[in-house]
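Pasted the sequence and its predicted model underneath.
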Amino acid sequence: MTRIFLDACIVIDLFEAKPEQQKVLTDALLGKTPYGSELVRMEARLQAVRDGRDELLARYDGYFERCKNGWGQVLTYSSGHKSIPDPVSLKT
């Protein structure tokens, strides 16, 4: 299966663009394994968090729960969809 990494603007379009654009993007993803990152997740969700759009946040979370990270592991988040946590703890 082909891997694909989407930038935040494309992820946002998957959920918020006009239906015609969403279909084009969805069709382009068929048969591909989506990869993601905490940064793309935070960027994609930011406006929905600010606007309190819980339904949209849940849809984003569903997408990112299916994504894999750069090491092929499924991305997991335990923060819920109400806030945006720090992506990486820099404390050692």
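Arrived safely.

Can you list the residue ranges for helices in the protein?
Under the criterion DSSP state H, helices of the chain are mapped to 8-16, 19-29, 38-51, 54-66.

Select, out of the ones you listed, the one closest to Thr2.
Nearest to Thr2 among those is helix 19-29 (9.8 Å), distances taken as CB to CB. C-beta: built from backbone N, CA, C; applies to glycine.

Give me the distance between that closest one and the centre of its chain.
Offset of helix 19-29 from its chain centre (CA atoms, centre = their mean, to the nearest Å): 15 Å.

switch to numbering from 503
Got it, the first residue is 503 from now on, which makes the last one we talked about helix 521-531.

Which neighbouring elements make contact with that helix?
Contacts defined by 3 or more CB pairs under 8 Å, 6 or more residues apart in numbering; DSSP states H and E place helix 521-531 against helix 510-518.

so what does the helix it packs on touch, helix or strand wise?
helix 521-531, helix 540-553, helix 556-568.

nearest to Cys511, of these?
Using CB to CB, the helices and strands packed on helix 510-518 put helix 540-553 closest to Cys511, at 8.3 Å.

Report the buried residues of the closest one.
Residues of helix 540-553 classed as buried by neighbour count (16 or more other CB atoms under 10 Å): 540, 542-543, 545-547, 550-551.

Not counting its own residues, what contacts stretch 512-529?
508, 538, 542, 546, 558, 561-562, 565 (CB atoms under 8 Å, 6 or more residues apart in numbering).

what about that stretch, average pLDDT?
Mean pLDDT, stretch 512-529: 94.

Alright, I will stop here.
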